[in-house]
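Engineer: Sequence below, structure please.
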Amino acid sequence: MRRWLNIHHDLGLQLLAFYLLLIVPFLVTLVIFDRIVGERIHHDVEANDLALARAIALETDSSISSSLNTVEQLAA
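Structural biologist: Below you'll find the predicted structure:
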């Protein structure tokens, strides 16, 4: 009686099993790495965006304060 899938005598099945044993863990590792690095990059970009927004707000506040002081001095 011959089995349909005999991995010990079928080189194609051996190569497929070897390929899957190498590729599947690699792909799982790649997905995990992608998620971790993606989250880190997302948080870094968020922090940089907030820092830029703060800098713009401070510069705008300084400019407006200076302009208001100038207007008050001219009005006096």
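Engineer: Closest to the centroid, which residue in this structure?
Structural biologist: Gly38 (1.9 Å; CA atoms, centre = their mean).
Engineer: what about that one, helix or strand, and which?
Structural biologist: Assigned by DSSP states H and E, Gly38 belongs to helix 11-75.
Engineer: low-confidence ranges in the protein?
Structural biologist: 1-5, 7 (pLDDT under 70).
Engineer: if we can go back for a sec, so how far is Ala51 from the residue nearest to the centre of the chain?
Structural biologist: Distance of Gly38 to Ala51, given as CB to CB, to the nearest Å: 21 Å. C-beta here means a position set from N, CA and C on the backbone, and glycine is covered the same way.
Engineer: What of Asn6?
Structural biologist: Relative to Ala51, and taking CB to CB, Asn6 is found at 63 Å.
Engineer: what distance separates stretch 54-63 from the centre of its chain?
Structural biologist: 29 Å (CA atoms, centre = their mean, to the nearest Å).
Engineer: Also stretch 27-46?
Structural biologist: 5 Å.
Engineer: Next: stretch 65-75.
Structural biologist: On CA atoms, centre = their mean, the centre of stretch 65-75 falls 46 Å from the chain's centre.
Engineer: quick one: contacts of that stretch?
Structural biologist: In this structure, no residues lie in contact with stretch 65-75 by CB atoms under 8 Å, 6 or more residues apart in numbering.
Engineer: Alpha carbons of it, as PDB, please.
Structural biologist: Written as PDB, here are the backbone C-alpha positions of stretch 65-75 (Å, rounded to 0.1, in the frame of the first residue of the first chain):
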ATOM      1  CA  SER A  65       2.800  90.600  21.700                       C
ATOM      2  CA  SER A  66       5.500  92.600  20.100                       C
ATOM      3  CA  SER A  67       3.000  94.100  17.600                       C
ATOM      4  CA  LEU A  68       0.500  94.900  20.400                       C
ATOM      5  CA  ASN A  69       3.200  96.600  22.400                       C
ATOM      6  CA  THR A  70       4.200  98.700  19.300                       C
ATOM      7  CA  VAL A  71       0.500  99.600  18.700                       C
ATOM      8  CA  GLU A  72       0.100 100.600  22.400                       C
ATOM      9  CA  GLN A  73       3.200 102.800  22.200                       C
ATOM     10  CA  LEU A  74       2.100 104.500  19.000                       C
ATOM     11  CA  ALA A  75      -1.400 105.100  20.500                       C
END
